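Visitor: Model the structure of this input:
(2 chains)
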Amino acid sequence: MVRKTLERKISRRKFLGTSAASGAALAATGTGLSRVSFAAGHTIKIGFLAPLTGPVSAWGKPGLDGCLIWADWVNAKGGVKIGGKSYKIEFVGYDNEYDAGKAKTGATKLIKEDGVKFIMMLGGDPWPGVEKIAAREGMLFSTLLPSDLSPDTKTLLAPCEVHPIYNVTGVEWLAENKKNLKTAAICAQDDSLGKPSVATYLAAFEAAGIKMVDAPLFFDPATTDFAPVMTKLLAKKPDILCLDTCYADYVHPLCEQAFQQGYKGQIISCTADFYQKIIEKTSKDFMEGFVFQFPDFDDPALNSKAVNFVKPNEFYAEYAKRYGAKEWGAVSWEYASIMDLWADAAAKAGSAEPGPVLKAMKAGGTGKHAFGDAKWWGKELFGIDNALVGNWPVVVIEGGKAKIKAFKSIPAWWDKHSKLMIKHMTALGQMWNQR
Amino acid sequence: MPEPAGAANPENSVWRIAGRLKLVFLFAALAVLPYLLSYSQQEIAVLLVVNVLLVCSYRLMTLTGEWSLGHVVIMGVGAYASALLSKRLGMPVPVSMLAGGIVAAGTSAILSFPLFRMKGFYFLIGSFAAGEIIRLIWKRFTDPFGGPKGLKRIDAFPDIDTGFLSIDFYEPVNYYFLALVVVSASLFVLYRIERSRIGLTFHAIHWQDRLAESVGVDTFRYRTLAFVIASFFAGIAGGLYGHYVGAVNPTRFGVDQMVYVLVWAIVGGTATFHGPILGVVVLTVINEIVLRGLGLDTVRPLIYGAILILSVLYLPDGLESVGPRLRAWVQRRRAGPAAAGGGAA
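Guide: The predicted structure is shown next:
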């Protein structure tokens, strides 16, 4: 009966006709939208080439969400002023699935077809697929992982996150404020994010006089059962459990395992993305005192005059309104803060073209980093001064909420302990000339 | 090969000519295709052609009835070998690609000794374990494999410049044609192997291995042969990939990628030579062009999963069964009124 009704109602001709009309409408809508944007005539496209799906998407998707807020705010004010004209900003996203081949395709599309003027990336494994295009096309790229930097690519910048060097600030703060902690154990996924971060933590622990109870434990990124990892980590009863720069998909089960195995000591980690969910899976008491590096932007400490990020508390409120407070992650603000730098540089250069913007951004060797004025640095570690480095916050979970405890200077630590950092980076083969 | 019965039949000649004409049209379409695509779609086409070789070589392996979970790792062996030989030893890239295939085949030959002591599900798990061991070796030994970050700045395929002819293989359209030539030649060899006496033996081992053994077929040797041949072409696919993208790392050849190969083979079907090709082409177009074009980047895994479930439910014999089903349906439709007419008369 249903079949007969369907046959009566949807003849083949009608179906084809409707499909064609829908297709035409869809095409017209798409074209129409493009025309509206171009009719305005003053739109600059920015590429967003990061993992939007898969295990690393926690460091891509929230960043794109943050950028959309940034664009809405800037466009509502009339856009970015460049050379006396106002330009609206439009983000064009491409999911690179954290794969070099897909990143290559994505970069090609963004540059050749979408005509973007600047591309923001997470970096890491996808970067080598893009490196050649960046050099050939002279496109300006940014990465959150300065380990991608090398003297071979002059147009790649790390203008926000100098991962993993800022991790030294968390260890330094811990050593200053919890002097009873003398030993640590560390684990990380065995990949391009985990290793340099382990080298950094080892240097920071050594500088702080904290001894490692065991060699770093590297687990395979395909690991799903973290019980044996945690059992091994806790076997020698460390005072500090260091989760390095594990992805959110690992930090959560690692914390759950530590909780289930009765660990009650100090935890330090680079990130604690979606930490409210970790609290739900463990307890408020268990997470009390958890040290990491990425603040919630509703933190009053961010209203300090030294902080350059525009309206951090309002940004967080808007993000929580649109996507939910539990979706706030380490990168929610980072790409937006890079856009602040880019917009300033484009305004100064009077052009959105990659060359002049790069020149304006690096003028004077200093820049306005999200957490305060900073300098372009990195020659010793990355072979090129393309990382913007200054202060970085140390964040502690107190009463179930992340709070900034201090802003600590990365260059100050580097001036005192650079040899240690180079020693550990070299030992793990992470120096720029070893990569 | 002996001529099949009825080869002299004029009707067979017509089918043969029709088949060759189809091939001519197919190659003409493939030659025109990149010029109808955007620049980024040309990039996708390059990777698609490489994946066609990967999945077809995988099918040859499955002819003996064994499904491996290590085929993508074997592709990686070819990619790593080719990259290292060109980077470290200065071997010309075309030679290193071939050598990459040989190293992949050699690795499989060694692995076949422990692996073919197992069958079915046990072989599947064994192949997964073997693949993981290889991946861990890449990660563990930073020198020469680059550790977790893998190898980057791999030498590109050398440009051709003869004065009047200049081909830059950085351009995806040029690399597409290079890959197309290599893959077409490889597919021809794979096709001929399947149609040869060796291929028939593979099939026999798949359906009746005990019976095959009882008539003197050394199943271990034939299974090894299928594994080695399939691995050689997977290694070539790896070389094509590595020298195009310029980077390889252990994650790229993980079990996630292997799942994609299985999905392509299952959705396309493995009963015919063209089944897996249909699978990889249709699913890649849907995933990389249609869904991205519709702005559904972030929900692609969800839709991809739904397509897989639907195809398993409604097309259990794969996309390759769509053509025969349609033909049967058309024949039934034609036969229906004719039969009815005949009845009336």
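Visitor: quick one: A:Glu398 and A:Gly289 touch, right?
Guide: Yes - contact status for A:Glu398 versus A:Gly289: in contact at 7.4 Å, counting by Cβ atoms under 8 Å. Using the backbone N, CA and C atoms, a C-beta is placed for each residue, glycine as well.
Visitor: From A:Lys405, how far off is the nearest residue to A:Ile210 once chain neighbours are set aside?
Guide: In space, and not counting its chain neighbours, A:Ile210 is closest to A:Ala184: 5.3 Å by Cβ to Cβ, 6 or more residues apart in numbering or on different chains. Using Cβ to Cβ, to the nearest Å, one obtains 19 Å as the distance from A:Ala184 to A:Lys405.
Visitor: same check, this time on A:Gly355
Guide: Per Cβ to Cβ, A:Gly355 is found 41 Å from A:Lys405.
Visitor: before we move on, what about B:Val52?
Guide: B:Val52 is 56 Å from A:Lys405, by Cβ to Cβ.
Visitor: More neighbours: the two, which one.
Guide: More neighbours surround B:Val52 than the other of B:Val52 and A:Lys405, with 24 against 18 (other Cβ atoms under 10 Å in any protein chain shown).
Visitor: I'd guessed the more buried one sits against B:Val183; true?
Guide: Yes - applying Cβ under 8 Å as the test, B:Val52 and B:Val183 come out as touching, 5.9 Å apart.
Visitor: Quick check: neighbours shared by these two?
Guide: By Cβ atoms under 8 Å, 6 or more residues apart in numbering or on different chains, B:Val52 and B:Val183 have no common neighbours.
Visitor: which parts of the stretch 1-150 of chain B sit against chain A?
Guide: Residues of the stretch 1-150 of chain B lying close to chain A by Cβ under 8 Å from any Cβ of the partner chain are B:38-40, B:43-44, B:47, B:132, B:136, B:139, B:142, B:147-150.
Visitor: Tell me the buried residues within those residues.
Guide: If you count burial by 16 or more other Cβ atoms under 10 Å in any protein chain shown, the buried members of the residues of the stretch 1-150 of chain B next to chain A come out as B:39-40, B:43-44, B:47, B:132, B:139, B:142, B:147-150.
Visitor: how about the residues of the stretch 201-345 of chain B near chain A?
Guide: Counting by Cβ under 8 Å from any Cβ, the stretch 201-345 of chain B sits next to chain A at B:241, B:244-249, B:251-252, B:254-255, B:288, B:292, B:297-298, B:300-301.
Visitor: Give me the subset of the residues you listed lying in strands.
Guide: Among those, the members found in strands (DSSP state E) are B:247-248.
Visitor: does any bit of the helix or strand containing A:Met425 sit next to chain B?
Guide: For A:Met425, the element it lies in under DSSP states H and E is helix A:410-427. No - contact of helix A:410-427 with chain B (Cβ under 8 Å from any Cβ) is absent, the minimum separation being 11.1 Å.
Visitor: May I have that helix as PDB, with CA atoms only?
Guide: In PDB, the C-alpha atoms belonging to helix A:410-427 read as follows (Å, rounded to 0.1, in the frame of the first residue of the first chain):
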ATOM      1  CA  ILE A 410      59.500  32.100  29.200                       C
ATOM      2  CA  PRO A 411      62.500  34.200  28.100                       C
ATOM      3  CA  ALA A 412      63.600  34.600  31.700                       C
ATOM      4  CA  TRP A 413      63.600  30.800  32.200                       C
ATOM      5  CA  TRP A 414      65.400  30.400  28.900                       C
ATOM      6  CA  ASP A 415      68.100  32.800  29.900                       C
ATOM      7  CA  LYS A 416      68.800  30.700  33.000                       C
ATOM      8  CA  HIS A 417      68.300  27.200  31.600                       C
ATOM      9  CA  SER A 418      68.700  27.200  27.900                       C
ATOM     10  CA  LYS A 419      71.500  24.600  28.000                       C
ATOM     11  CA  LEU A 420      69.300  22.100  29.800                       C
ATOM     12  CA  MET A 421      66.600  22.500  27.200                       C
ATOM     13  CA  ILE A 422      69.000  22.100  24.400                       C
ATOM     14  CA  LYS A 423      70.500  19.000  26.100                       C
ATOM     15  CA  HIS A 424      67.100  17.200  26.400                       C
ATOM     16  CA  MET A 425      65.900  18.300  23.000                       C
ATOM     17  CA  THR A 426      69.100  17.000  21.500                       C
ATOM     18  CA  ALA A 427      68.800  13.700  23.400                       C
END
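Visitor: Cool, thanks, talk later.
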